[in-house]
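*Asks:* Just the structure for this:
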Amino acid sequence: MSWCDKMASTPSVGFKLDHHFATGDAIFDALDPILDKWVDGEKQLFTVKKHESFSVSFDTIDGFVYGIEPSKVHISFSHKMKAKPVSGGPPIMEMLSSPLPFTELLPNVSERLSTTTLLLPGASTRNIQRVGIVTSTAVAEDEVPPGIERFIKYIGRPWNSSAECFSFSITTEVNSTSDWSDRCIHTLVKLEEPEELLTIVFDWQRKFTSGRPITSNSLKEILVKAEKDSLDYFEDVAEGSRFDEDIINSTT
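*Replies:* Numbering: from 1, shown residues only. The predicted model follows:
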């Protein structure tokens, strides 16, 4: 089981594309095959959040958030709840989204991204320049994986004490081949309020040496490989050997 499953992390997946300036109306028209299915009787199962000249965003009742810009398309998942009236008592909170493990949500988000990208205006003449997979986690500091715990201690070493609160982001290349280069943006935030959870965001990105066509087979190949390689990296960070000073010193 992935540490992302154990920590109830949530995924986001996105593509960076060649620019194409379609109007908000044109984008929504292109996505009719998706939107027309999101109804239950007379009830609309999505909400438009933004409708601008060249970008739109909307979310579904079960927690999927879509965003489309001239050079980007991305989908994320976040849990949604609503207050449910109770006869003779105060309302109770009802969860609308399904609390699935990260490794089950990720392929779902990827499939939605692929379907959406294929429908975008001008998709047949555009290329994928980059794919990104993000894991977002809110967790108590005493429940973090060993690698994250060691990471935090490593950052606090110059002061010979543990950091009480912090907000930092580190971006570094993590792998490269002749066809692509991978980097990850590591962001950790711990607020001063003791009741607040530690926020961990790892934004893994693969930039291609040359653009990849927007076809069903190409998108499937990109996403399957990106899912595996990003999860492998997240697991490696969680394991903690990257922050073991004995290992670091032995390789320098």
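
*Asks:* show me where this protein has strands.
*Replies:* 10-17, 39-40, 43-44, 46-51, 56-60, 64-69, 72-77, 81-86, 89-95, 127-139, 166-176, 180-190, 198-213 (DSSP state E).

*Asks:* what's the most buried one of the ones you listed?
*Replies:* strand 10-17 (a mean of 23; mean count of other CB atoms under 10 Å). All C-beta spots, glycine's among them, are computed from the backbone N, C-alpha and C.

*Asks:* Okay, angle between that one and strand 127-139 too, please.
*Replies:* Counting by axes from the mean of the first three to the mean of the last three CA atoms, to 10 degrees, strand 10-17 points 160 degrees away from the direction of strand 127-139.

*Asks:* residues in contact with strand 10-17?
*Replies:* 4, 67, 71-79, 102, 105-106, 109-110, 113, 117, 120, 126-137, 214, 223, 226 (CB atoms under 8 Å, 6 or more residues apart in numbering).

*Asks:* For Asp244, give me the pLDDT.
*Replies:* For Asp244, the model assigns a pLDDT of 61.

*Asks:* Please apply the same query to Ser55.
*Replies:* pLDDT, Ser55: 96.

*Asks:* what does Pro158 give?
*Replies:* 77.

*Asks:* That one - how many residues pack around it?
*Replies:* By the measure other CB atoms under 10 Å, the count of residues near Pro158 is 7.

*Asks:* Pull the distance from stretch 81-95 to the chain's centre.
*Replies:* 30 Å (CA atoms, centre = their mean, to the nearest Å).

*Asks:* mean confidence for that stretch?
*Replies:* On average, the pLDDT along stretch 81-95 is 75.
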